Structures are given as C-alpha cells and as structure tokens.
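Chemist: Let's see this in three dimensions:
(chains A and B)
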Amino acid sequence: MVRLVISWIPFLILQSFLVAIASESIEVEEFSEALLLKPLPDRKVLAHFHFENRAPPSNSHGRHHHLFPKAISQLVEKFRVKEMELSFTQGRWNHEHWGGFDPLSSMNPKPVGVELWAVFDVPHSQVDTSWKNLTHALSGLFCASINFLESSTSYAAPTWGFGPNSEKLRYGSLPREAVCTENLTPWLKLLPCRDKDGISALMNRPSVYRGFYHSQRLRLSRVESGQEGLGSGTVLEQTLTVVLQPETISAGTDMQPSWFLSSLFGRKVVGRCVLAKSSNVYVQLEGLSGHELKKLDPEREAWKNAEFELSIKPERILPETSSFLFVYDIEKYSDSEPFDLGLTWKLPSKWASQQAPLHASRFLMGSGNERGAIAILLKATESQEKLSGRDFTDGRCTVKVNIFQIFPWYVKVYYHTLQIFVDKQQKTGNEVVKKIDVSPSTDKMSSGMMEMMLELPCEVKSVAMSIEYDKGFLHIDEYPPDANQGFDIPSALISFPDHHASLDFKEEVSKSPILSKLKEKSLVRSYTEVLLVPLTTPDFSMPYNVITITCTVFALYFGSLLNVLRRRVGEEERFLKSQGKKKGGLKQLLSRLIAKIRGRPIEAPATTNESPEARSSVFSSKLVFKIILVAGAAAAWQYFSTDK
Amino acid sequence: MKKDDGEMAEEEKKKPCRFWIWALSSVAFRLILISFAGNLNLSSRPEVSTPLTSIRRLAEGYWLKQASMSPYAGSMYHGSPLLLSLLGPLTVQRIKGQPSHLLCSLVFVVADVLSAMLLRGIGQKLQMAYGLNARLLGLLKTPRDKGILPSGDIAALVYLWNPFTIACCVGLSTSPIENLAVISALYGAVTRKVPLAAFGLVMATHLSLYPATLTIPIIFLLGYGLDAPPLKLFLQTKKVDNEDRSTSKPTTRLPFLWKTVIHFVFWLLLWSLCVLVLCALSLTKYGGLEEMFNRTYGFILSIEDLSPNIGVFWYFFAEVFDFFRSFFLIVFHVNILFMLLPLAIRLKHRPCFLAFIYLAISSILKSYPSVGDSALYLSLWALFVNELVDMKFSFFLFCGYLGISLLSPVMHNLWIWRGTGNANFYFGNAIGYACFQIVFVVESVSAMLNHDRALKKCNSNHGEVKK
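Modeler: All right, here's what the predicted structure looks like:
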C-alpha cells in the first residue's frame, strides 16, 4: 500500500503541474496514447495503437515545440499542407471477418503498400509542385520510395470520388512498396517517448510483423485558430493497426483463444509515457449475446462472467449499441507492477462483425498480353437489410456506392465499354450510374482516373462491372528490373456516401481522443485488391541487332531504288560516253539533270565558251545558297529544340 | 475471220457481265463475313487496326465527346474529328440481335465498292490512253484493242477480292475510307474533275497525312495528262512519219496546262479551308485546331504508340536509345521525302504510276502501317498490268506476301497470347514484310522503266524498217 502511495506521488506532482500549466493558458501541446484491443470472430485479435499529438494554434514559442515533432511541423509549414494521410500497409483487411461497418474498419484498412493523399493550401498552379516536394520530403523522412509518386503518371487529383472534396487534393499509391521495420522506426521517432515507454513499448518488431495485417498510418490536419495572427495548429494522429493470432494451445476448435498482452506482444506495459496527457487501454467486445449482458450487473459481472473473464478489473465499462468497451487507465502501473491484461474465454463463443452493405472485390478477366478487362463485383452482405442510412428518393429505397479507381497509363481503358450488370441483368448507364467522371490517361504523361456513383436498389443481390482495356507497350527503359513480374493496378476505393459508421456510446464519454474519434461519423469504405497485370516485354538483350537490321533494310531500299532510277542501258550508255568525251563527267551529269528538270533536250556545249570567272561566280552563288540553306535549317532546329 | 469477230463481240458483251458478277459476289462475301465479325475478331488484329484506324478507339473518342470531354483527351483517339462525327453515332447504334458496329461495317462496304468503281473508271481511262499511245507509236495495227488487258476491271476486282481489303472492311478499320479518299483524288485527276481531285487529296491528307505526297503526281496528271510513253518516242515517230513533209519544227516540250493546275490549287485551298473550319467548329469547346494537329499529325510523326503492327518502327523505337530517338525519327520520315524528287524526275511521263509508287513507299515507311495500305497500292499496281507484264520476281513476291500474311498471326499468337515466342518473332516477320514491299517497289519501277526502254527499242526498229 505504501509502495503504491509512493508510486503515486510523482504522478500527483506531475498532474498538479500539468493542471497548473493548463490553467495558465490553453495553448499547450498535448499528447495522448491509447490502445484498443478487440477479439475478432475468426480467432484473431486486433490491436489498434492510437497516438495523438496536438499543437494548438500559437505564436508564443515561435517555431519551437515541446512535444510536437519538429520534422512534421516544418513539413506542414513549408508545403502548406492542410490535410495529409500517409499509410504503410502489409496484408489485406478481411472485410468479411474483421468487420466493415464500424469506425475501426472504415478508417484503418488501407491498400497494400504506401498510400498518400494530401490537401494543400496553395494556389491551384502550385499544387503539383507542392505535391512533388512533399513526396520527396516524406520519402526521406520515412525511408520509403514515396518519391516515385512524384511522377505525373502515378498520382491523380480526385474531385469527389475519394473522401474529402477538394480541388487541391492529390492522391497516389504505391502498391508494391514493401513495408518493414525501417519504416516503423522513423514513425516511432515522431512519438515523444518513442518505443521506450508507455503503450508504444509493446511494439516488439517480431510480433508486430508476424501479424496477418498491419497498417501504420500518419494523419495530419491543420486547425485554423480563427484568431488574427495566431497562425494555425496542427493535429498529428499516428495509428498502428495490427491483427495478431494469439498463440494458444487450442481447447477445441469452437473455443476462442485466450490471450494476455505478454503473449500477444511478448512484452508488458510497464507504465505510461510521462509526457502523455492520457494513456488508456480499451478492450472492445462486440456481438456478445446482448440481452444477456444487459441483465448482468455492469459493475461486477460484465467483465467476469460465465462466458469470459478479463484478468484485470476495468475502471469503467462503456456500453454501446452492440458492444462493450472496457476502459483501463495505465497510469497506476509501473515496473514492479506491469500491466498485463488478459482475456480468458470459458465457453465457446461465436459472433459476426458488422458488414458494409456491399462487399467489393475486383479481378482481371481475359488472357494474353494484348487486352483484358477489369471487373468489380459487389455482393450484398447479410447485414444489408438492417442498415440504416438509405436514401428514399421517389419512394424508392436506394443505396449509393462511390467507386474511385486509378488506372496507370499502360492500362489503356476503353471507357465506352463499361458494362454494368445488376443481379445478372445488363443495365444501361443511365439506369444505375448517377454520376460518372472520367479523366482518361495520356501515354507516358498522366494516369487515368474514374469516379463513379452508382445508385442501386436496396434489394440488390449483386452488381458486376466490367471495363475493357488494352495493354500498353513500353519503351525498353521503362520496364523495371523484374519486367516479367508484371505491373500493379492500385486498389479501387469503394465507399458508401449514405452510410456512416460510428460507435454510439450511451453515456457521455470523457475527452479521450480515441473515443471521440470512434464516436465521430466516418464514411464506410473499403479498398479492393491490388491487381497484377503482366505486360509483354520486348527483347531486352538485342537493341543493337534491331537497330542495325532495320537500318540495313532501309539502306537497301534507298540504294536499290536509286540504282534502278539512274540505270542506263545500251544506247544510253554509249550516248553518254560520246557526250562525256566532250565534257567533264560531273559537269555533264549536272547539265543533263538540269535539262531533265527543265524538260529540254541537252543544250549544245555552249557553256564551255563561258569565261571561267562567270562559271566560278555561278558556283560560288550556289555554294553560298547551300550554306545559307544549311545554316537556316540549323538555326530553325536550334530554335525549336530550345523552345521546348 | 467473221466468226472470230462475232466471238469477240460476244466476249465483249460478256465481260462486263462477268465483272459485275464477281463484284457483287465480293460484296456478298463481305456481308457474309460481317455477320460473323464477332467470331472472326479481325478488329483486334494489329495488322488490320492500327491506333489511327481502329474503330474501338473511334468509339472511345465518340464516348468522350458525348461525355463533354475532348475526343483527344487521353491518348485513345488520333483520327479526324470529321470522321468522328460521321462514324461516331454509328458505333453506338445497335440493331437488336445483330452484331455491334453493323452499321459501320456497311459504311465500309459501301466505301469499298465506291473505291472499286472509281478504280475501274481510272483503269478504263488508262487503258484507252494505252491503246491510243500504242497506235500512235505504230505498235498496234488493229483498231480494236486486242491484246490489251482491261486493267480497270482487273484493278477493281483485285481491290474487291484482295484478302487485305476484305480483312480491313470486316475488321472495322477506317482505312477503306482513307483509301476511298485517295482513289477519288486520283479519279478526279484522271477524269480532269478538278474539284473532286482537290477534295480527295485534302480529305486523304486530313485523314492520314501521307497522301500529301500525291500532290506531285496529281499536278502532273492535270498538267501533262495521262500516263504515256516518254515524249521522245513520239517525236521520233513523228520524225519518221513526217520526214518528207517536215516543215514545222517539232515541239520538244509537252504543253503544261498551267490553268488547270492553278484551278486545282485554288480548289485545294478552298477545300482545306472548309475542312479546317469544320474541324475547328467541331472542336471549339475543346482544344481547338492546335490540339487536333498535335494529336493526329503529331502522333503520326512522333510515333508515341509502341504497340506492335505490321511495320517496323514500333519495335525500333521501343528498343532505340532515347537520345537517338529524334535523330531516327527525322531520318525515317525524311526517307519518304528523299525519294520524291528522283522518282518525279524519272517517271514524270507516268503520273499515275508515280502516284502508285509514292503510295507504296509511304506504306513501307508509315509510322502505323496496316494491310489496308497494301490493299490500296496492290490494286493500283493492277492498273498497270499492260505495262508491267514483264515484271520480275512476281511469283516470288506473291509467295512472300502470302507467307507473311499467314505467318504474322502465328507469330503474334506465339508472342502475345502463348508467351512461348518473343518479340523478335513478330518483328522478324515485319522486317520480312518490309523487305518484300521494298523488292516489290523496286521491281515495279524497274519493270516500268524497262517497258519504256523496250518501247523505244521497238520504235527505233520500227523506224528503221520503215526507212
């Protein structure tokens, strides 16, 4: 008990200090950390780390920060970033089992590889430049090849199909980027306690990268103060979502695995990050037979009942419409008494997570390396009937779907071949497509983009879309070293603009950032698979052969045709010889040519009587003319080439 | 003798009849093939549809235009805006239960038939001129053109029954329309319908740029008249004939009809102005004429699309080092221009043949050639059957063309679809095709020059005998 009190003393001091600062001014940088744990129906566990760093609008400290990472604030200042999100992901979010309609699964699942989008606060003409500079800065900051997004063939400017509506938005993704610990380390460096203390200490690299899915995200948004001359604040939100398989000796296949933090991560939480304003751990249990739970006394039995047991008594229990949130504060734990939460299942339990109205998947059709088709298949999920958020227009129940897709230029899409099948019946565009915006790709210049809004009847079972494309043929230098592996088409984004996911807590919750984030209404969205398109390769080994053979063939053409044209036979030859005796060979040929052009018979060699001076003057004028011609051509060439 | 004459007359009557039967049967054959167009899949063959002539790209351009975007947005459509407004609506209209693009196919069939008819007209004129010249030279004794092949009918049938033409027509490439424009320009020049000649030339140039070289032969045609043996021969003959009566000095120069040519240039300017205004009107909302020139002529000249075709440039520019690219672009395009002048000088007296050679050369050195171009020059070649009877290597060339057209799909399949062959297979085929075309052009020119030589020899012998 005494020890406990002693361990509390520094905390109390600190807290009073913080309170003192807080009362002094509201301009204080805040950092908070949280971990949300959630058992998933398919015997896995989701761990969602959430760190929020707030730099309020302030000019009192100039460019100095207490907690907020300087690298990020410089980035924001320099490139005038209004909003930005960068994610590194490995693995694919399993929408069927891990959920598709809760805030966690609509915000956090990201496409494989790197995805970056940013909204800038600069004039239209400078957006692209800012984007290019930003990609280079981020590339250096996160040890990733984000700089490949610089080229205009790899990013797009969605107007409405992607979440935020802005004309200054740029979006790009690199599906092939391998994400590993070298990307995590710089990300952790942005945290005030790094991974040395607090919740982030759980991030043991082997256990994080052993997971089925991990997505490391960084989101920046600028908060305008509204006051004159105060500048703007920044909110930096860093999340890491991992899906882990607890290692258990299985007690029957129906049984959910029991786990402890130490078994999941190989580490325990030994205390909070002292710089954090709040550090909490949440456990979310969803889909439990709700009516039974409601009967239980929330204080005593909700966390320890016949079905499961949490190893530590939660401080608070927040009931939600379909789930319970158990809240732990880790302020009181220390080295000597580490926080090692566990969940033990006693009875076999089964539940299903909430699904988005339609489940999306995408695939390629066709074979061969000449052409193909991309198909997107939307299938109704079981939960579709239950969902609210439908749009009743003209007495018709409809569900809206936004599809946003980027096509690299080497996938030459024929937009007029778009076919839509609703419940296996082909529909014309006007029947289901409410809005479609297309920006076709230009060869080697820009990527194509398609934004499409479908309005489907609620009772729809399946929607299939297909669009045909031709495969492009690249220059030999444009192929990557492993040309035969194929090229990636980035994920398509399927979102449901009428559906919003949020956790609806019955009671007022404390001002915890993660909870307010979960409470916030977020757009239901899901990313489809990345597609791999094999492209035909030329022969990389023999450019010289191709060049020499082609040039030989054309030399042959030129030579033989010219030969045929100037061939003389028989009398012509003799005539030529007799003429040649009189005149110089070249001179005579020239006069013949002139005669040919004029269409007159060859004149008598009267010209020979001309004085040599006159002849030379004629020649010199010709020479001068030729020189002027060549010089003019060269000047024109120079002018046009420099003009570019 | 009388019986013979009767037979001849009967034959004369029969011949047009036979021609029409063959022509109609070719149309019927096309219509049958069109109903199986979906299975034949000819429209996706790289030999048939190039980025410039593919109807799929045209449909995409039309779709973009309907979606109030520039038809040249993206890099799909590179054709003319006029063709877009002509054929575009036909690509979307579908008759129930019929294969798509049926209406377009019918347009192409009509274009083919029209071209064949115009070719026949050209051929008949040429045949008459040939007969007349032969009689003037005293090589032909009988008033009837016995022994002169009906080159018009032959050329028309070669055009209609050429597998290349049929493939282009059924494979929905726009080259039948380009060919029609070229042939109508020649027809106008041959029959001295100046506005038609100018219109054909302007349209052909607008559609595919390369027929611009035809300006030279058409001016010759209008200025000097139809193909004839060199002037020297007539002078010789005249000398022989009028030796005793010779009083007037023989004109050494053929009269050049400046008036007609100026008339032609006027019409040329008028039609180009019309075309430009129409294009500008149809593109006012978008990039205007500048974008059109960039996306059509710029695309032709800079060879941006490296997808395989029957030519050699796609692979050459896929492999060539980037810093040599502009050099080789200039060299290959200038290669067409280099040959214009020598040929014009040597074949001045045969402007139709000159037009044929120009077309053949541009089809070898085109950025995006298709078999439709070969179909055009092969049928023009058939116009000169009388002159080119002694052409060498004709069997070899026939076998070469046949072999290439059989091997090309095989190589393409091996490379693209099966993945068992590589690009060199298909490229080798294309190189072979280029070689055969080159031999064909060179041999044709050589045969024509030899024919003139033979005429001369014959004539001088004839003169000696008379003496």
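
Chemist: Where does A:Glu237 sit: helix, strand or coil?
Modeler: Of the three states, A:Glu237 takes strand according to DSSP: H, G, I helix; E, B strand; the rest coil.

Chemist: Please identify which residue in the stretch 51-200 of chain A comes closest to chain B.
Modeler: A:Thr153 (12.1 Å; CB to the nearest CB). Every C-beta, even on glycine, is put in place using the N, C-alpha and C of the backbone.

Chemist: Wait, a strand at that residue?
Modeler: No. The assignment for A:Thr153, made by three-state DSSP, is coil rather than a strand.

Chemist: Quick check, central residue of chain B?
Modeler: B:Leu376 (3.5 Å; CA atoms, centre = their mean).

Chemist: I'd guessed it sits against B:Val182; true?
Modeler: Yes. Counting by CB atoms under 8 Å, B:Leu376 touches B:Val182, with 6.3 Å between them.

Chemist: coming back round to it: which strand or helix spans the residue nearest to the centre of chain B?
Modeler: Using DSSP states H and E, B:Leu376 falls within helix B:371-381.

Chemist: Next SSE downstream of that helix?
Modeler: helix B:394-412.

Chemist: That next one: which residues count as buried?
Modeler: By 16 or more other CB atoms under 10 Å in any protein chain shown, the buried positions in helix B:394-412 come out as B:397, B:400-401, B:404-405, B:407-408, B:411-412.

Chemist: Likewise for stretch A:151-159?
Modeler: A:152-158.

Chemist: export the residues you listed to CSV and tack on distance to A:Glu224?
Modeler: Formatted as CSV, those follow (distance: CB to CB, whole Å):
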residue, distance to A:Glu224
A:Ser152, 30
A:Thr153, 34
A:Ser154, 31
A:Tyr155, 26
A:Ala156, 27
A:Ala157, 23
A:Pro158, 23
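
Chemist: residues touching the closest residue to B:Phe427 other than its chain neighbours, list them.
Modeler: Once flanking residues are discounted, B:Phe427 sits nearest to B:Tyr315: 4.5 Å by CB to CB, 6 or more residues apart in numbering or on different chains. By CB atoms under 8 Å, 6 or more residues apart in numbering or on different chains, the contact set of B:Tyr315 is A:538, A:546, B:306, B:308, B:423, B:427, B:430.

Chemist: got the phi/psi numbers for the fifth one?
Modeler: Geometry field for B:Ala423 lists phi and psi as phi -60, psi -30, criterion degrees, to the nearest 10.

Chemist: Of all residues in chain A, which one is closest to chain B?
Modeler: Closest point on chain A to chain B, by CB to the nearest CB, is A:Pro440, at 2.5 Å.

Chemist: how many neighbours does B:Trp381 have?
Modeler: B:Trp381 has 21 neighbours, counted by other CB atoms under 10 Å in any protein chain shown.

Chemist: Over to A:Glu167?
Modeler: For A:Glu167, using other CB under 10 Å, the count is 10.

Chemist: likewise the one 4 residues further on?
Modeler: Using other CB under 10 Å, A:Tyr171 is surrounded by 25 other residues.

Chemist: likewise B:Ala360?
Modeler: Counted with other CB under 10 Å, B:Ala360 comes out at 23.

Chemist: just checking, what packs against the host helix or strand of it?
Modeler: B:Ala360 belongs to helix B:351-365 when assigned by DSSP H and E. Helices and strands touching helix B:351-365, as assessed by 3 or more CB pairs under 8 Å, 6 or more residues apart in numbering or on different chains; DSSP states H and E, comprise helix B:175-190, helix B:215-224, helix B:325-346, helix B:371-381, helix B:423-466.

Chemist: Now the first one: average pLDDT?
Modeler: Averaging the model's pLDDT scores along helix B:175-190 yields 94.

Chemist: ok, then the element right after that helix?
Modeler: Following helix B:175-190 in sequence, per DSSP H and E, is helix B:194-208.

Chemist: Tell me what angle that next one forms with helix B:371-381.
Modeler: Relative orientation of helix B:194-208 versus helix B:371-381 (axes from the mean of the first three to the mean of the last three CA atoms, to 10 degrees): 150 degrees.

Chemist: how far does helix B:194-208 sit from the chain's center?
Modeler: 13 Å (CA atoms, centre = their mean, to the nearest Å).

Chemist: before we move on, the earlier item: mean pLDDT for the helices and strands packed on helix B:351-365: which is lowest?
Modeler: Among the helices and strands packed on helix B:351-365, helix B:423-466 carries the lowest mean pLDDT (a mean of 85).

Chemist: Report the contact partners of the residue nearest to the centre of chain B.
Modeler: Counting by CB under 8 Å, 6+ apart, B:Leu376 touches B:175, B:179, B:182-183, B:359, B:363.

Chemist: List the buried residues in stretch B:114-124.
Modeler: In stretch B:114-124, counting by 16+ other CB under 10 Å, buried: B:114-124.

Chemist: okay if I get the residues you listed as TSV plus pLDDT, distance to A:Glu115 and secondary structure?
Modeler: As requested, the buried residues of stretch B:114-124 are exported to TSV (pLDDT from 0 to 100; distance: CB to CB, whole Å; DSSP: H, G, I helix; E, B strand; the rest coil):
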residue	pLDDT	distance to A:Glu115	secondary structure
B:Leu114	94	56	helix
B:Ser115	94	55	helix
B:Ala116	94	59	helix
B:Met117	94	61	helix
B:Leu118	94	60	helix
B:Leu119	93	60	helix
B:Arg120	93	64	helix
B:Gly121	93	65	helix
B:Ile122	93	63	helix
B:Gly123	92	66	helix
B:Gln124	91	69	helix
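
Chemist: Just name the closest of the buried residues of stretch A:151-159 to A:Ala631, please.
Modeler: A:Ser152 (37.9 Å; CB to CB).

Chemist: confidence score at the closest residue to that closest one other than its chain neighbours?
Modeler: Nearest residue to A:Ser152, sequence neighbours excluded (CB to CB, 6+ apart): A:Ser446, at 5.1 Å. Note on A:Ser446: pLDDT of 90.

Chemist: Give the buried residues for stretch A:473-493.
Modeler: A:473-476, A:478, A:483, A:487-493.

Chemist: contacting residues around whichever residue of the stretch 1-150 of chain B sits closest to chain A?
Modeler: Nearest to chain A in the stretch 1-150 of chain B, going by CB to the nearest CB, is B:Gly74, at a distance of 2.5 Å. Going by CB under 8 Å, 6+ apart, B:Gly74 touches A:439-442, A:448, B:60, B:64.

Chemist: just to revisit the earlier point, spit out the contact partners of the residue nearest to A:Ser152.
Modeler: A:Ser446 neighbours (CB under 8 Å, 6+ apart): A:152-153, A:409, A:439.
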